[in-house]
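1. quick check, what structure comes out for this input:
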Amino acid sequence: MENVLESQRVITEQLTDLTSQLPQIGTEAGSGNITLQQNFVTIDSGNKNEFNISSCPIQTVAGGGVIDREIPAGTSRTGSVREKDTALMKQAIEEVIEAIAVKRKVNAIYSHQNHDTPVVTPRLSKVSFYEGGFLPDGDVYTPSTDRSLIGGQGDLTFEELIQLWKEKRYIALIGDPGCGKTVLSDRLETRCGCVCFHLKFMNLNYDSATLITLKELLLDFAHPELDQHTRDLAFEWVMKNQSKCSIMLDGYDQARWAMKENPPKVSYVTKSCVSDVISNLCCGNFLPMTQVLVTSRPYMMLPLPIRLRPHTTVYIQDLNFNDMRVLFHRIAGAKAEVLWDTINKNAPQLLSLCLNPLMLNYTVNAYLSQEDTKIDVITTSTQLFSTVLEMLRRSKHTKHADITNLREKLGQIAYKATRAGTVLITDREMKAQGLDASLVQDVMVCVMGYRGCTDKLYDDDTLLCFSHQCLQEYLSAHHIVFDMAFGDFKKFVKEKLDTDHWAVVRRFVSGLLIDNKRYKEKRVIIRRRLNIPRPEALYRFRAARKLKGDWYLQNTLSKYRKLCARQDQRPKDSTKKRILDIMMQGREFNSREITKYMASCFPSINANFSFTSLSISEAHAIGLILRHVSKKVFRLGFYNCSMDSNAFVHICDAIINMRGTVDEMYIMCNNLSSVEDICRILVKINCRLTMWGCFNDEAGGMGRNANEHEQRLLQQSLNSIVSTELEIDVGTHIIRQTIRRKTVHSFITPHTAQTDREAQSLSAIIERQCTAPS
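-> Numbering: from 1, shown residues only. Sure thing, here's the model as predicted:
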């Protein structure tokens, strides 16, 4: 009742002020009048130069708050007053724009961004998110993979995304953790061509007792540095220029409340809970002409009711390879070239992880930390994540915590979540292990504590998830290796670990069990420096892990040997997939002796990986084994593997370095961009190379045959080989050797072979050049 009386008092005062100004507003005689009818202010100037104002809310300050003063259609004001008000509102919105720019600049400095930061755009796809269900439901755990593009309605450029947002009022950007949702929304903010209000859901987690208005959401809370009058005029400008404004809502998965299916219809100045204000904004009850963009992880957008679903959904995927390389050099700084060459030489499979911007930061920082930790070069994914977690010792949030104990507790939490098939972890589970969100904020993030639209998962509970799913998988493996009893370990390996659900965890288990020399040596050095005695418990711990490792290695290699023999006798798709999976485990073993043993078991009749999409990581795993093969392989197949040149180069390097040879090789229907790598391996192929449709076309698609220039290079390389019967099927015809080189002496010119000794020496040099990689 007091609020109503206060509103009436303020309106009366305003009417008095307007009446005193009436001679300036109305005719020369001042024949204007103002009436108050049904809480609406009506101005009748009686002037021919009057103009009509459409019905819209006008904000008026009342004791620090706002009241509803609405001017319906048909009312009039003079042009001079309108021009004056418009100028004031324009001046106010310019101050808001300047404040937004200052805040953006401060945020860029805080996040260590610079003006010379390269502009890269992740791969974007317009998807039928609510129709096809192309992503798993909500919090369901699915193993991490080296994914290719997710099928949608065609890829979008950044400019097309801007145009799409202009055509569709309400769109959503969805993607996995660290894919660049926030960075992309920041770029959209600077390019949208209108006044943009960028709000983060993590800053809007008010309790249910806190009520706000739309004006407070956009201006008062976001820009307290501006005076109240400026914010009032700026909001009035927004109301009259809705089509010139846009609102970005970043990180819906970090909100601790849910948007409501049927939000109450309230006026702009009515105080409501934040979920009601955001819901009215998204469904168009507020600012129906203003563009709205929401970013989130996919699982939180799925439960939205039909009325609150975005008009268009764009999926943000990983970076393309070239953009990743540009960003890598920016993050690594002066050491970029050295680091890139090191990773490309020793661990190219990590480049697949680096396509995710978050993992790119993890990887670069892990390599940069090598000088401080004195750890050898990282060559496996297991070593990478071990280094990342070791870096927690330098974090300001965990520098006083026991990292070993922290890793064990996180491992138990991660293992339980993976076993339950979820990526969400409750705050209760964290507290049960003596952990809180602030202690683990370097590796975990808080997410929305709701399932569905309005049902909270647990009362007064917060949900968390790991910042990248590979962290959950690594920590699950850590628990299996270091905390599980040997009997339980054997039972788990036989019943659970061999299933697809544990595929990535299985690789980390392989690395933690077998590849322990690197960290063992480091612990020994530390103990010697600090003169710490080795307790008896440490001996028992190492003996238990060695027992697990020996049994696990024997069990894995036995299955690999049987699968390779089966592939030679009865090739099956399921068999080659299991062989490839064990090859990925073999890389994590990080043992030259184990790699050589796996090479001795390599299929000699039908080493066929056709119709299996091979990423850089998978091609590198095959190459590690193939380079040690010393026998002749009758058939080596990579037909329709979707390989690009970055992946195929690892296969070529392996073939060049293998002691054995290949009779027939098939590389049709791939996505190669150059012929040079193919020319290098011709010397190792005995009978036939089939390569029709293996190049990408100008549009980037697969299925192009070798052009005239590429065929000429193939012919030249084939002619340079000494005595070969190789035939190359390029799709249109067969390329055969046209110049026979039966002996290397045919290359020697008379004036260079002055003696028999010189001739023999030159022949040896030429022979090495013919067989060496170009």
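
2. ok, and what's touching the host helix or strand of I162?
-> With elements delineated by DSSP states H and E, I162 resides in helix 158-167, which encompasses its position. Helix 158-167 is contacted from outside by 121, 124, 126, 156, 171, 187-188, 191-192, 246, 291, 293, 312, 314, using CB atoms under 8 Å, 6 or more residues apart in numbering. C-beta here means a position set from N, CA and C on the backbone, and glycine is covered the same way.

3. among those residues, name the ones in strands.
-> Among those, the members falling in strands are L124, K126, L156, I171, S246, Q291, L293, T312, V314 (criterion: DSSP state E).

4. and the furthest pair within the residues you listed?
-> Between any two of those, the greatest separation by CB to CB is 19.1 Å, found for K126 and S246.

5. please identify which of these two sits among more neighbours.
-> S246 (23 against 18; other CB atoms under 10 Å).

6. and the gap between the more buried one and E236?
-> Summarising the geometry, the distance separating S246 from E236, computed by CB to CB, to the nearest Å, is 18 Å.

7. surely T732 is in a strand?
-> No. Following the definition DSSP: H, G, I helix; E, B strand; the rest coil, T732 is coil and is not counted among the residues of a strand.

8. next, format the ones in strands among the contacts of helix 158-167 as JSON lines and append distance to I162.
-> Supplementary listing: the ones in strands among the contacts of helix 158-167 in JSON lines, determined by distance: CB to CB, whole Å:
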{"residue": "L124", "distance to I162": "11"}
{"residue": "K126", "distance to I162": "13"}
{"residue": "L156", "distance to I162": "10"}
{"residue": "I171", "distance to I162": "11"}
{"residue": "S246", "distance to I162": "11"}
{"residue": "Q291", "distance to I162": "10"}
{"residue": "L293", "distance to I162": "11"}
{"residue": "T312", "distance to I162": "13"}
{"residue": "V314", "distance to I162": "11"}
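
9. buried set for stretch 316-327?
-> Of the residues in stretch 316-327, those buried under the neighbour-count criterion (16 or more other CB atoms under 10 Å) are I316, Q317, D318, L319, D323, M324, R325, L327.

10. check contacts around the fifth one.
-> If I follow you right, that is D323. With contacts taken as CB under 8 Å, 6+ apart, D323 has the following neighbours: V120, T121, P122.

11. is it true that Q370 touches L384?
-> No. At 11.3 Å, Q370 and L384 do not qualify as touching, with contact defined as CB atoms under 8 Å.

12. quick check: neighbours shared by the two?
-> Any residue near both Q370 and L384 by CB under 8 Å, 6+ apart counts here, and that gives I378.

13. in terms of neighbours, single out the busier of these two.
-> Counting neighbours by other CB under 10 Å for Q370 and for L384 shows that L384 has the greater number, 24 against 15.

14. let's verify the more buried one: helix, strand, or coil?
-> helix.

15. so what does D442 have for phi and psi?
-> phi -80, psi -20 (degrees, to the nearest 10).

16. surely it and R393 touch.
-> No. Using CB under 8 Å as the test, D442 is too far from R393 to be in contact (10.9 Å).

17. tell me which of those two has more neighbours.
-> Taking other CB under 10 Å, D442 and R393 do not tie; D442 has more neighbours (15 against 12).

18. quick one: the strands in the stretch 351-500 of the chain, in order.
-> 425-426, 444-447, 463-466 (DSSP state E, counting those that start in this stretch).

19. a markdown table for those strands, including mean neighbour count and mean pLDDT?
-> Output for the strands of the stretch 351-500 of the chain, formatted as a markdown table (neighbours: other CB atoms under 10 Å; pLDDT from 0 to 100):
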| stretch | mean neighbour count | mean pLDDT |
| --- | --- | --- |
| strand 425-426 | 22 | 86 |
| strand 444-447 | 21 | 75 |
| strand 463-466 | 23 | 83 |
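
20. with L199 as the reference, name the closest of those.
-> Put simply, out of the strands of the stretch 351-500 of the chain the one that sits nearest L199 is strand 444-447, at 17.3 Å, with distance taken as CB to CB.

21. strand partners (parallel or antiparallel) of the closest one?
-> In the sheet, strand 444-447 lines up against strand 463-466 (antiparallel) (DSSP bridges).

22. export the partner strand to PDB, keeping only CA atoms.
-> Written as PDB, here are the backbone C-alpha positions of strand 463-466 (Å, rounded to 0.1, in the frame of the first residue of the first chain):
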ATOM      1  CA  LEU A 463      26.600 -29.600  -9.500                       C
ATOM      2  CA  LEU A 464      30.100 -29.600 -10.800                       C
ATOM      3  CA  CYS A 465      31.900 -31.200 -13.800                       C
ATOM      4  CA  PHE A 466      35.500 -31.400 -14.900                       C
END
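
23. pull the distance from it to the chain's centre.
-> Counting by CA atoms, centre = their mean, to the nearest Å, strand 463-466 is centred 17 Å from the centre of its parent chain.

24. now stretch 428-444
-> Chain-centre distance of stretch 428-444: 24 Å, with CA atoms, centre = their mean.
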